[in-house]
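Trainee: sequence-free structure coming up:
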């Protein structure tokens, strides 16, 4: 089946530094990827939709200058948390739709294993 | 705004007992429904999905769910749970049309704890 790989799985950084998280689709090309954020004991909140070759679409309330998304190829999207602060500590999860199915509306998302970011 | 509600934040059960995890969504327009499972510090794994057709859908690991349009519900069930089913379960909805392409709205999650 489809596999989405996310790296790193865990990262600890100091306040003020930037952290890059990678999301790769391993056996399919993903024109669209999604980035979610999950706070402890809470649900996943969509941050942005990453489109290959164009600018990402951010959800309301998400700072696009803080959470930089680059979808440079059909198999790679990156999320960079710039000037990270302790309140950015969270679990970040990427996902992708495998194209070629009957409709992307009813295709399930394939998720990476997430990245646990801790900002000290 | 469209929303998904999982009525129980935590469900403790004993091994081999049946379980039902409840999910309701806010709108009765065309929807696609999903249940995902998340193990600690991992991403989400698809359990099952409802797209159209039979309202009873079967998924992996012995789980099933029933789509009830009139009640806008999509409850997840398993007749006999195992210790290994301990995890967090998320109901998710994709509303057809408009700008909702590809986007999933998740419920708050239900932590299922199976006791021996």
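Mentor: Okay, I see it. Since the model is a prediction, treat every value here as computed from it, not as a measurement.
Trainee: drop to CA atoms for contacts and neighbour counts, all remaining ones
Mentor: Fine.
Trainee: ok, and the closest non-adjacent residue to the closest residue to chain A within chain B?
Mentor: Using CA to the nearest CA, residue B:43 is the residue of chain B that sits closest to chain A, at 3.7 Å. Of all residues not flanking residue B:43 in the chain, residue A:113 sits nearest, at 3.7 Å (CA to CA, 6 or more residues apart in numbering or on different chains).
Trainee: okay, now the residue of chain B closest to chain A: neighbour count?
Mentor: 23 (other CA atoms under 10 Å in any protein chain shown).
Trainee: pretty sure it contacts residue A:93?
Mentor: Yes - applying CA atoms under 8 Å as the test, residue B:43 and residue A:93 come out as touching, 6.6 Å apart.
Trainee: Quick check: which element contains the closest residue to residue B:84 other than its chain neighbours?
Mentor: Sequence neighbours aside, residue B:114 is the residue nearest to residue B:84 in space, at 7.8 Å (criterion: CA to CA, 6+ apart). Using DSSP states H and E, the element containing residue B:114 is strand B:110-115.
Trainee: Next, the buried residues of that strand.
Mentor: Buried residues in strand B:110-115, counted by 16 or more other CA atoms under 10 Å in any protein chain shown: B:110, B:111, B:112, B:113, B:114.
Trainee: Other residues contacting the helix or strand of chain A with the lowest mean pLDDT?
Mentor: The least trusted helix or strand in chain A, going by mean pLDDT, DSSP states H and E, turns out to be strand A:109-111, with a mean of 84. Residues external to strand A:109-111 that are found in contact with it (CA atoms under 8 Å, 6 or more residues apart in numbering or on different chains): A:2-4, A:93-98, B:43-46.
Trainee: I'd like to know which of the residues you listed are part of strands.
Mentor: Using DSSP state E, the subset of those located in strands is A:4, A:93, A:94, A:95, A:96, A:97, B:44, B:45, B:46.
Trainee: Show me which of these is closest to residue B:90.
Mentor: Closest approach to residue B:90 among these (CA to CA): residue B:44, at 8.6 Å.
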